[in-house]
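In: Attaching a predicted model along with its sequence, questions to come.
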Amino acid sequence: MKIALITACLAGVAHSKMAALALKKEAKTRGHEICVEEQGGHKIPVKISKEQIEQADVVIIAKMVSISGKDRFKGKNILDVSVNEALRKPSLIMDKAELLIKK
Amino acid sequence: MDFWKETGNIFRETGTHFRTGVSYMLPILLIGGMVGSLAVLGGGSHEDGSIWKIFKDVGTIGLTYFVPIMAAYTAYSISDTPGIAPGFIVGVLAQQIDTGYLGALLGGILVGYATYMLMKLELPEILQSTWGFIAPVFSTLIVVVFMVYLLGPPIAWLMEVISSFLSNLGEEGSAIMGAVMGFLGGIDYGGPFSKTQSTFATAVMDLDLYVPLGICGSIVIIPPLGMCLATFLKPKLYTKVERNYAKSSWIYSIIGGFTEIVIPLAVGDIIRVTIATVLGCTIGGTIAGIFLLELSTPVLGIAQWFFYDKPLIFVICVVIGSLVTALTANFLKSISNRDIDALDAADTELNET
């Protein structure tokens, strides 16, 4: 399946990156396709493209602060988690994401 | 009950909204602080027309407007773009009625909530299209009245108490503050506790108090540097992945100045490492507090070295804190039965698949 992942933390330097890494790794071992957008105060995010959003089966938002551009994901399957959760239990989040699609 | 459900959702996420405000506020504080410090470094002559005077003024702008920006983006977090303008106005007002950052945060939350709810109102079609322009006006009015007459006076009083309390702390009081901040800063590596501590340190800059920031700036280096040091002292107690990470990140932990750098060294053995870093940070923070270490610029890492009023104390505090962390971690690990070989084997297996 295809996953779009948005991570957002306070500064956009450490936590968002690590959460993204953890989930990327988990997605790869399960054979999912994943694209990532990291947000935060000290950087210009590389935006996920419109097509990527359209193709994604599920949107995972791992946030510590509110993300910008929420309305891009209207009508998608959204899984809202905290950055800390993503860091500590990436496999649990992947399980949840898979469940969300099966419904 | 849609109304109550949404209200509940908004207030349950108060933490996220605050953090969003802080996230947007930090860059402004950073610019203001850096430029202002340049002016101080540039020399004492701040007469009209000199470039240093301009730098100083720019610094003051940054250090004044971070409060309204924080309120604006706290409101933005709740009600998206329509919240920014009311939030900003309420933030400026909060400063003018002496409620400072506390009033700005509360005002930001309130005005964000009010804007969100007003924008959701179902109106006749003829009004609906103009409502988007008018709703923020009403929310601003409501919250402004609320702030000035109800919330303002008690918060202003509270700020006065906090301010006079903190500026009359003296060395003993600062030492205790340093210990508490160190404890919070060392416990969760950039999570809610350490962010509470660093937000507090930056917020009281508004009251011209710079000791908390000095404490905060020196303790963030301790966990990563201390743990890197620990792996160098007794490599046998760490897995290959951890050792390699420490080799590549010790320099970054000095110049980068993030507690987060320590996480890869901590996750494998979280309890023991946390005990070690908390101990190191508490002691480091206490030292910084006793000597009233002041930092006037909220910058990270190597840049801050130039802005401490007592650089030597800063170095002493970091060195002692890191040593304590390293020695505690190694001691705790040496009496534990952590099987390094098994962990190494697991790591290689993970890499191969």
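Out: Received the coordinates, thanks.

In: I'd like the distance between residue B:248 and residue B:228.
Out: Distance of residue B:248 to residue B:228, given as C-beta to C-beta, to the nearest Å: 10 Å. Yep, even glycine has a C-beta here, placed from its N, CA and C like the rest.

In: Looking at the two, which one has more neighbours?
Out: Using other C-beta atoms under 10 Å in any protein chain shown as the criterion, residue B:248 and residue B:228 rank with residue B:228 on top: 28 against 9.

In: what residues does the helix or strand where the more buried one lies touch?
Out: Assigned by DSSP states H and E, residue B:228 belongs to helix B:222-233. The contact list for helix B:222-233, computed with C-beta atoms under 8 Å, 6 or more residues apart in numbering or on different chains, reads B:186, B:189, B:237-238, B:242-243, B:246, B:249-250, B:252-254, B:258-259, B:261-262, B:265-266, B:273, B:276-277, B:280-281, B:284, B:318, B:321-327, B:329-330.

In: show me which of those neighbour chain A.
Out: Subset of those in contact with chain A: B:258, B:261, counting by C-beta under 8 Å from any C-beta of the partner chain.

In: So which other helices or strands are in contact with the helix or strand where residue B:128 lies?
Out: If you go by DSSP H and E, residue B:128 is part of helix B:125-146. Applying 3 or more C-beta pairs under 8 Å, 6 or more residues apart in numbering or on different chains; DSSP states H and E, we find helix B:125-146 packed against helix B:84-96, helix B:100-120.

In: low-confidence ranges in the chain?
Out: Looking at chain A here, since you left the chain open. Filtered on pLDDT under 70, chain A yields the residue ranges A:11-14, A:41-45, A:103.

In: meant chain B, my bad for not saying
Out: B:1, B:40-48, B:169-170, B:190-191, B:256-257, B:298-303, B:347, B:349-353.

In: In three-state terms, label the residue nearest to residue A:17 when sequence neighbours are not counted for me.
Out: Excluding its sequence neighbours, the residue lying closest to residue A:17 (C-beta to C-beta, 6 or more residues apart in numbering or on different chains) is residue A:38, at 6.0 Å. Secondary structure for residue A:38, judged by DSSP: H, G, I helix; E, B strand; the rest coil, is strand.

In: what are the bridge partners for residue A:38, then?
Out: Listed beta-bridge partners, residue A:38: residue A:7 (assigned using DSSP bridges).

In: hang on, the earlier thing: residue B:12 is nearest to which of the helices and strands packed on helix B:125-146?
Out: helix B:100-120 (12.3 Å; C-beta to C-beta).

In: how about the CA coordinates for that closest one, as CSV?
Out: Output of helix B:100-120 as CSV, limited to C-alpha atoms (Å, rounded to 0.1, in the frame of the first residue of the first chain):
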residue,chain,number,x,y,z
GLY,B,100,3.2,39.3,29.2
TYR,B,101,3.6,35.9,27.7
LEU,B,102,1.1,34.2,30.1
GLY,B,103,-1.7,36.5,29.0
ALA,B,104,-0.6,36.1,25.4
LEU,B,105,-0.8,32.3,25.6
LEU,B,106,-4.2,32.3,27.3
GLY,B,107,-5.5,35.1,24.9
GLY,B,108,-4.2,33.2,21.9
ILE,B,109,-6.1,30.1,23.0
LEU,B,110,-9.3,32.0,23.7
VAL,B,111,-9.3,34.0,20.6
GLY,B,112,-8.4,31.0,18.5
TYR,B,113,-11.3,29.1,20.0
ALA,B,114,-13.7,32.1,19.6
THR,B,115,-12.7,32.5,15.9
TYR,B,116,-13.1,28.8,15.2
MET,B,117,-16.6,28.7,16.7
LEU,B,118,-17.8,31.9,15.1
MET,B,119,-16.6,30.8,11.7
LYS,B,120,-18.6,27.6,12.1
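
In: elements contacting the longest helix seen in chain A?
Out: Ranked by number of residues, the top helix in chain A under DSSP state H is helix A:15-29. In terms of contacts (3+ C-beta pairs under 8 Å, 6+ apart), helix A:15-29 is packed against strand A:2-8, strand A:33-39, strand A:58-63, helix A:83-88, helix A:90-102.

In: Give me the buried positions along it.
Out: A:15, A:16, A:17, A:18, A:19, A:20, A:22, A:23, A:24, A:26, A:27 (16 or more other C-beta atoms under 10 Å in any protein chain shown).

In: My guess is residue B:163 contacts residue B:206. True?
Out: No - here residue B:163 does not reach residue B:206: they are 9.2 Å apart, not a contact under C-beta atoms under 8 Å.

In: re earlier: could you report the distance from the residue nearest to residue A:17 to chain B?
Out: The gap separating residue A:38 from chain B is 13 Å, by C-beta to the nearest C-beta, to the nearest Å.

In: how much space is there between that residue and residue A:78?
Out: For residue A:38, the distance to residue A:78 (C-beta to C-beta) stands at 17 Å.
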